Structures are given as C-alpha cells and as structure tokens.
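**Student:** My questions concern the predicted model and sequence given below.
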Amino acid sequence: MRFYDLIIKKREGHELTQDEIIFIITEYCENRVPDYQMSAMLMAIYFQRMNINEIKYLTMAMVHSGKIIDLSSIPGIKVDKHSTGGVGDTTTLALVPMVAAAGVPIAKMSGRGLGHTGGTIDKLESIKGFKTELSINQFINIVKKIGASIISSTSDLAPADRKLYALRDVTGTIDSIPLIVSSIMSKKLAAGADAIVLDVTTGSGAFMQKYKDALKLGKIMVDIGLELGKETVAVISNMDEPLGFAIGNSLEVKEAVEILKNRGPEDLRDLCLVLGAHMLKLGGVVKNYEDGKNKLEKILKEGIAFNKFKEMVIAQGGNPEIIDNPESLPLAKHSTKITANISGFVQKIDSRLVGESAMLLGAGREKKESKIDLSVGIVLKKKVGSKVNINEDLAEVYYNDSEKLEEAKKKLFSSFVIRNKKMQKLPLILATISKDGVKEFI
C-alpha cells in the first residue's frame, strides 16, 4: 500500500477502505509520511468529502491512535457534553454540577480557548487553586466520590487529532465536515463516556455560521455516535449573539455561579436546562425530556447544583470561598463603557466581533502559545431586542492594558446594530437531532 496511490484514489472521488484509512492515520502519526503528502490527502478529502463509512473508519482510527479512558469503574451511565464553541458559552461550568446533582456521573475533559471562542479550562483556572491537570486515577476517583470532575484533555487522548488539526489549521481544510466530525467524535469516544450530548452552535459567533451547515454537521455526528454504539443527541443552538452577558474567563465563572444560584441570564439558563434534560434522559435517571427539565429546575431552586459545584472546586484544590463570594474572582484594574450614539432597538450583536474584542483585551489567544489575562473581558448591558436610548450603556469593558483598548472598543461598538424597529429574534434552540430523527423549531 502506497500513500501516493491513496491520495490519487481520494482525489478521484473513490471510497477509502477501513484498512486504507487506518494505514493513512498510522503512517502519519508514526512520522513515516511528510506533512506535504498529508496536506494533499486533507485537500482531497475537503473537495471529494467522505461517506458515513469513511467518516466512521477515520474516527475510530483517530480514537485508537492513543489511549482510551476506561470509566467502567464509575457506577451509572456516564454522559459527556461537547459544544462546537461560541462567545460567552459558559454552559459547561453550570451544566456539569446541575447534571451531576441529578445523579448522572460526569467525567469531562475540556480544552482551552483559541481565537474568539473561550475555553472551559481557562475559566476554571480563574478560581484560585483549582487544578485542571490531574492523573486519570485522580480524575476517576473524584467522579466516584462526588459525581463530577472537569480536567484538561491529556496529550495521549486521540493524538492523531492534535497532529491533524495543526495541519488543517495552516492548509485551509478546517471547515470540512468529515474532518470536523472525526475530530470531535474521536476525542469524545476516547474519553470513555457511554452517551454524548452535542451543542452544535450556529450564527455569527459559531464555527458553522449557516444553520443548514450546522444541521448537517449535527446529523452526521449523531449518526456516527449511534453507528459506534454511543447514544448521541445534538442540539442546534443560536450563537448569533453572545450567550449570557459575560465574555471573559473570571467574568464567565461569576455568571455560571449566578445560574447555579437560580439567577443569571435567561438564555444561558435555558440552554443549560435543555442540554441537561437530554443528558438526564440519556443517563437513565428520568423517562423523558420534560421530567429531566423539571428535575433540573428543582435542583437549581433548592441550591443542590450550587453545592455540587462547591464540592467539585474543593475536590480539585480550589478555594470554595470564591464560589460563595464570586466578587473575589480576579477582576481587571480598569473599566470603561461603550454607549449608544442613537436611540432604537438592538437588532444585532455580532458574536464574533464581541469575541474578537475580548481577545484584544487579553481574554483569549490569537495563537496557542499566547498568554491570556483571566481578569479581563466584557459585560453586555443590552441584548438583541432591547430598547436603547442615546448615550445609554451598551457594554462595560474590563481591562488592564490600554495598548489595544481603543481597537477593542471600536470593534465592540461595531458589533451592535441599532434600528428604529424591533426585530423578531430567532429561538435559542433551533433543532434537536436524535435516533428518532430531526425536530426543528424554526
């Protein structure tokens, strides 16, 4: 078998066999194939696509490129959650303790932020002492003891994905659905969960900006999950404006605590309830989605989820007093506001521009090696549909370094579109996809 021949085969639009795909991944991971040949293969896949069998074979080849975590010693059905990313996407921080408090064990591995999207691990590290790098045994023992743990992904988990992603990033092959699906699902499958709930975001702040593309991605990921024996549900959610009000690491932790105190932004709370209800159903603790939602609402109201978050913080070395008093989280030294220059209704808030503004302040990474400032960020004062008067606050900017402040403020201001008429907002949840099919809400 020659790599060159396989490039030609895929370039001509033919289906690759399981053995051929295993050969491709193995040879590349073992450094027996140069980047320029793998780049040619990625480009062939980008243009010729892959069918469901090829995606399944590629996903499993990537899973078996490294360790597969064994969570079988943890009692119960383990359910994982993954988001394709967004701005102000704080769901994991609130969702994990909510679902764990309801009796579904959550052993979650998360990543760091890159570009305009934030990362759960960065957010958790704004809690003083919180350890995100634990051994697998420590990780499993915490889940056994309290029902939940969130740690940083280990380097030996689907290493083929890490290597391929770095190449895709510089060869214009990031937005290929077969490559996206295999990237996401290989990591989820290697992490050992029994079932998976996917939050596939769409809109200006999402990777899949078009709804039809997000729907297609969600369908294929659900199909692949089911094909590989993992019950999988995808929720297509609207990321045309930032989720919640806070954008920035410590600011988002504070907002997550508000949700766990049965307060906080309505959209963030609603998304947590929707995703959580599906997780409870997959976890077998409720019979249907509505029962799951009702159970989570009760858990929030009674403060059980809030206490579960504190347990997790303590178990991972963090200071629980910060959760009781989130005002003690890191906060930038300076703040300034941007205001409306006309009256009207907020018609649009471009999520990507808001995320890029926060990145300029230091809340995100332009490159993987970039250092971030956990204390800076943005708090929105208005959402789409809000009435706004001239000179009224649109957002507050928290910063330490004034070098890029004006650029960040200019970008943030341009993210707001204000018009005379109030526009009809799209629903937060656009569709759900499961083994029973697709249910659309638009």
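**Tutor:** Thanks, I have the structure now.

**Student:** hang on, isn't Ala206 packed against Gly355?
**Tutor:** No: using Cβ atoms under 8 Å, Ala206 makes no contact with Gly355, being 10.4 Å away. (Each C-beta comes from the backbone N, C-alpha and C, glycine too.)

**Student:** So between these two, which is more surrounded?
**Tutor:** Neighbour count, other Cβ atoms under 10 Å: between Ala206 and Gly355, Gly355 has more, with 30 against 27.

**Student:** element containing the more buried one?
**Tutor:** Counting by DSSP states H and E, the element that carries Gly355 is helix 351-361.

**Student:** what about dumping the CA coordinates of that helix to CSV?
**Tutor:** The C-alpha trace of helix 351-361 is given here as CSV (Å, rounded to 0.1, in the frame of the first residue of the first chain):
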residue,chain,number,x,y,z
SER,A,351,-20.8,37.5,18.4
ARG,A,352,-17.6,37.1,16.5
LEU,A,353,-16.8,40.8,16.8
VAL,A,354,-17.5,40.7,20.6
GLY,A,355,-15.3,37.7,21.0
GLU,A,356,-12.5,39.3,19.0
SER,A,357,-12.8,42.4,21.2
ALA,A,358,-12.4,40.3,24.3
MET,A,359,-9.4,38.6,22.7
LEU,A,360,-7.8,42.0,22.0
LEU,A,361,-8.1,42.8,25.7
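
**Student:** Figure out how far stretch 137-155 is from the centre of its chain.
**Tutor:** Chain-centre distance of stretch 137-155: 18 Å, with Cα atoms, centre = their mean, to the nearest Å.

**Student:** Give the buried residues for that stretch.
**Tutor:** For stretch 137-155, a neighbour-count test (16 or more other Cβ atoms under 10 Å) marks 139-143, 146-154 as buried.

**Student:** Also stretch 207-219?
**Tutor:** In terms of neighbour count (16+ other Cβ under 10 Å), stretch 207-219 has its buried residues at 207-209, 211, 213-215, 217-219.

**Student:** of all these, which comes closest to Arg365?
**Tutor:** Distances from Arg365 to the buried residues of stretch 207-219, taken as Cβ to Cβ, are shortest for Phe207 (16.0 Å).

**Student:** and the gap between that closest one and Leu6?
**Tutor:** The gap separating Phe207 from Leu6 is 28 Å, by Cβ to Cβ, to the nearest Å.

**Student:** Nearest to Phe416 among the buried residues of stretch 137-155?
**Tutor:** Closest to Phe416, out of all of those and judged by Cβ to Cβ, is Ile150, at 33.0 Å.

**Student:** So the closest one: helix, strand or coil?
**Tutor:** Assigned by DSSP: H, G, I helix; E, B strand; the rest coil, the conformation of Ile150 is strand.

**Student:** what is it paired to in the beta sheet?
**Tutor:** Beta bridges link Ile150 to Lys108 when assigned by DSSP bridges.

**Student:** burial measure for Lys308, as a count.
**Tutor:** Counted with other Cβ under 10 Å, the neighbours of Lys308 add up to 23.

**Student:** what sits against it?
**Tutor:** Contacts of Lys308 were listed using Cβ atoms under 8 Å, 6 or more residues apart in numbering, and they are 97-98, 100-101, 146-148.

**Student:** quick one on the thing from earlier: what is the nearest of the buried residues of stretch 137-155 to Glu403?
**Tutor:** For the buried residues of stretch 137-155, the nearest to Glu403 is Ser152 (29.4 Å; Cβ to Cβ).

**Student:** circling back to that earlier point, so what strands line up beside the following helix or strand past the helix holding Gly355?
**Tutor:** Next along the chain after helix 351-361, taking DSSP H and E as the criterion, comes strand 377-380. Strand 377-380 has its sheet partners listed here by DSSP bridges as strand 246-247 (antiparallel), strand 393-399 (antiparallel).

**Student:** all helices of the stretch 201-350 of the chain, in order?
**Tutor:** Taking DSSP state H, counting those that start in this stretch to define them, one finds helices in the stretch 201-350 of the chain at 211-227, 249-260, 266-282, 289-301, 304-315, 321-324.

**Student:** Please identify the deepest-packed of those.
**Tutor:** helix 249-260 (a mean of 27; mean count of other Cβ atoms under 10 Å).

**Student:** avg pLDDT for that one?
**Tutor:** Helix 249-260 carries an average pLDDT of 96.

**Student:** Make a markdown table from the helices of the stretch 201-350 of the chain and add distance to Ile418 to it.
**Tutor:** Conversion of the helices of the stretch 201-350 of the chain to a markdown table gives the following (distance: least, Cβ to Cβ, whole Å):
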| stretch | distance to Ile418 |
| --- | --- |
| helix 211-227 | 24 |
| helix 249-260 | 24 |
| helix 266-282 | 20 |
| helix 289-301 | 34 |
| helix 304-315 | 36 |
| helix 321-324 | 37 |
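
**Student:** Out of these, the one nearest Lys410 is which?
**Tutor:** Closest approach to Lys410 among these (Cβ to Cβ): helix 249-260, 20.6 Å.

**Student:** Extract the C-alpha trace of that closest one and format it as PDB.
**Tutor:** Taking C-alpha atoms only, helix 249-260 is exported to PDB below (Å, rounded to 0.1, in the frame of the first residue of the first chain):
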ATOM      1  CA  ASN A 249     -12.800  34.000  31.900                       C
ATOM      2  CA  SER A 250     -13.400  35.100  35.500                       C
ATOM      3  CA  LEU A 251     -16.500  37.100  34.400                       C
ATOM      4  CA  GLU A 252     -18.000  33.900  33.000                       C
ATOM      5  CA  VAL A 253     -17.300  31.900  36.200                       C
ATOM      6  CA  LYS A 254     -19.200  34.600  38.100                       C
ATOM      7  CA  GLU A 255     -22.100  34.300  35.700                       C
ATOM      8  CA  ALA A 256     -22.100  30.500  36.000                       C
ATOM      9  CA  VAL A 257     -22.300  30.900  39.800                       C
ATOM     10  CA  GLU A 258     -25.400  33.100  39.200                       C
ATOM     11  CA  ILE A 259     -27.000  30.400  37.200                       C
ATOM     12  CA  LEU A 260     -26.300  27.900  40.000                       C
END
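
**Student:** Show me what it is packed against.
**Tutor:** Packing partners of helix 249-260 (3 or more Cβ pairs under 8 Å, 6 or more residues apart in numbering; DSSP states H and E): helix 91-101, helix 120-124, strand 246-247, helix 266-282, helix 304-315, strand 377-380.

**Student:** returning to that earlier point: out of the helices of the stretch 201-350 of the chain, which is closest to Gly119?
**Tutor:** Once those are compared by Cβ to Cβ, helix 249-260 is nearest, at 8.5 Å.
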